[in-house]
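In: quick one: sequence plus predicted model below, questions after.
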Amino acid sequence: MGSRLKAQIGAHGNTALKQRAKFVSSGVAAYSSIVVDHAQNATLWDSEGKKYIDFAGGIGALNVGHCHPKVVSALKRQAAKLTHTSFHVASYSDYAAVCEKLCRTIPSPLPQKAALFNSGAEAVENAVKLARFFTRRSAVISFGFAFHGRTLLCLTLNGREKVLKSGFGPFAPEIYRAPFPYSYRPPAGINPKDLTEYCLEELKRLWQSEIPANQTAALIVEPVQGEGGFIVPTPKFLKGLRELCDAHGIVLIIDEVQSGFGRTGKFWAFEHEEVLPDLLVVGKSLAAGMPLSAVVGRSEIMDAPPAGAIGGTYGGNPLACAAALAVFEIFEKENILNKAGSVAKTVQARFNSFQKKFSIIGESRGLGAMRALELVLDKKTKAPLPVNQVKQIIADCEKKGLLLIKAGIFDNVLRTLMPLTIEDADLNEGLDILEETLEDFCL
Ligand SMILES: Cc1ncc(COP(=O)(O)O)c(C=O)c1O
């Protein structure tokens, strides 16, 4: 690229940031200062032609990579054919085809149905509506450190106060919270190996102290917490929830918006614990970055409300459905789960070595390719590394050409959501940049 063109594009990048500062609500977070021009697989290029390795993957929406050729050609084909009718107004076959694909991923003997929406939060809202209508009960229990979205009901479900909840109340009624087993930071006096039992007992206590089990419509849980900091629950926790839901006629809603579509090495994270959801919430990587989400679950629950009670103008838009069908094809033909396994192996080995090498890494954890490093000031006290220092590490990575994002209740967790299709060379280069940055930081 010529230097003049480069300079022009550079000026355009500056303009975009200035325009953003002036006209875009500052409530919309900016995790990096990159003004992206285009992207391919696990690489993106900014408006000055600088290349970045993408470990953020559109916050986990790009498990099959940026602009996969099959997704691009499906979108082109669809854009020339039909972009919108609203599925309420006139049916089209791709909507039902996506629902069929989703239903077939649930290894349940019970019949399944699905409905499509636009965002993860919207799907969560609808899962709660379905559970309430089906059970004719009102209470919903979510878990500490959970993240389910930014609508008012989702804010209420979230188990994290700072930024996400403060100032936005009053919140939705009839939402209760139980503890989630975060084995790196167990409650005082609780041994991590007793956490499953502790958390399940606390849940039962909630049914005695706050709301009876027979008025509880649903439990909603992430099988690996995403925004909470990639917290993998202790063994048998999900199984315990399943058993309690069965005992009390409660709908178990599993939110796989971030953990789904191969991220953890299985298609769904719940498969690791051999637990089945009554309702599954899906989003992000379902349509490779096109806005599409879904609730999939037992037909009797999905069919409970009257026609017109769920849905919306755009849910299951034809372009998003075409992209989702391409994603399913890519999973079938390109062995994405195998790729997820090899990405997981590489990242886990490097992260474990970083944990040994650097004093600021309290824990290297994760499931499959959903991996994270929890940063601390001191490995003994586990005091979280202050957020300005975490941001410094992320900014230094960005300077060196790696896009990385954080998570965690203390904002001190580096997480990896790179496309599962990332080339080995890019993966290793990204990990090298992170290692070098941590090394410089710890000097
Ligand atoms: C587990 C989980 N549920 C729900 C959501 C909300 O999804 P969306 O941002 O598409 O509304 C997210 C987003 O990060 C998520 O991680």
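Out: On my side now, so go ahead.

In: my guess is Lys70 contacts Glu329. True?
Out: Yes - using CB atoms under 8 Å, Lys70 is in contact with Glu329, at 6.1 Å. All C-beta spots, glycine's among them, are computed from the backbone N, C-alpha and C.

In: which residues of the chain lie near the ligand?
Out: Within the chain, the positions near the ligand by CB under 6 Å from any ligand atom are 59, 119-121, 124, 147-149, 222, 226-227, 255, 257-258, 283.

In: which one of those sits closest to the ligand?
Out: Using CB to the nearest ligand atom, Gly120 comes nearest to the ligand of the residues of the chain next to the ligand, at 2.2 Å.

In: residues touching that closest one, list them.
Out: Shown in contact with Gly120 (CB atoms under 8 Å, 6 or more residues apart in numbering): 148-149, 255, 257, 281, 283-284, 293.

In: again, but for Phe267
Out: Shown in contact with Phe267 (CB under 8 Å, 6+ apart): 105, 260-261, 331, 337.

In: how far away is it from Val282?
Out: From Phe267 across to Val282, the span is 11 Å (CB to CB, to the nearest Å).

In: where do the contact lists of these two overlap?
Out: 260-261.

In: which residues in the stretch 1-150 of the chain form helices?
Out: 3-23, 57-60, 69-79, 93-104, 120-135 (DSSP state H, counting those that start in this stretch).

In: ok, which of those helices comes nearest Asp378?
Out: Closest approach to Asp378 among these (CB to CB): helix 57-60, 29.8 Å.

In: by mean pLDDT, show me the worst of the helices of the stretch 1-150 of the chain.
Out: Sorting these by mean pLDDT places helix 3-23 lowest, at a mean of 72.

In: which non-adjacent residue is nearest the most centrally placed residue in the chain?
Out: The residue lying closest to the centre of the chain (CA atoms, centre = their mean) is Gln258, at 1.9 Å. Take Gln258 and drop its neighbours on the chain: the residue closest to it by CB to CB, 6 or more residues apart in numbering is Gly226, 3.3 Å away.

In: my read: the residue nearest to the centre of the chain touches Gly58, true?
Out: No - assessed by CB under 8 Å, Gln258 is found out of contact with Gly58, at 11.4 Å.

In: got any residues that touch both of these two?
Out: Residues touching both Gln258 and Gly58 by CB under 8 Å, 6+ apart: 284, 417.

In: just the strands in the stretch 251-400 of the chain please.
Out: 251-255, 279-282, 293-298, 361-367, 370-375 (DSSP state E, counting those that start in this stretch).

In: how about these in TSV, adding mean pLDDT and mean neighbour count?
Out: As requested, the strands of the stretch 251-400 of the chain are exported to TSV (pLDDT from 0 to 100; neighbours: other CB atoms under 10 Å):
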stretch	mean pLDDT	mean neighbour count
strand 251-255	99	27
strand 279-282	98	28
strand 293-298	98	27
strand 361-367	98	21
strand 370-375	98	26
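
In: okay, these in CSV with distance to Ser32 next?
Out: Below are these laid out as CSV (distance: least, CB to CB, whole Å):
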stretch, distance to Ser32
strand 251-255, 26
strand 279-282, 27
strand 293-298, 25
strand 361-367, 22
strand 370-375, 18
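
In: dump the residue contacts of the residue nearest to Gln258.
Out: Contacts of Gly226 (CB under 8 Å, 6+ apart): 60, 147, 257-259, 370, 407, 415.

In: how much space between the residue nearest to the centre of the chain and Ala369?
Out: Taking CB to CB, one finds Gln258 at 12 Å from Ala369.
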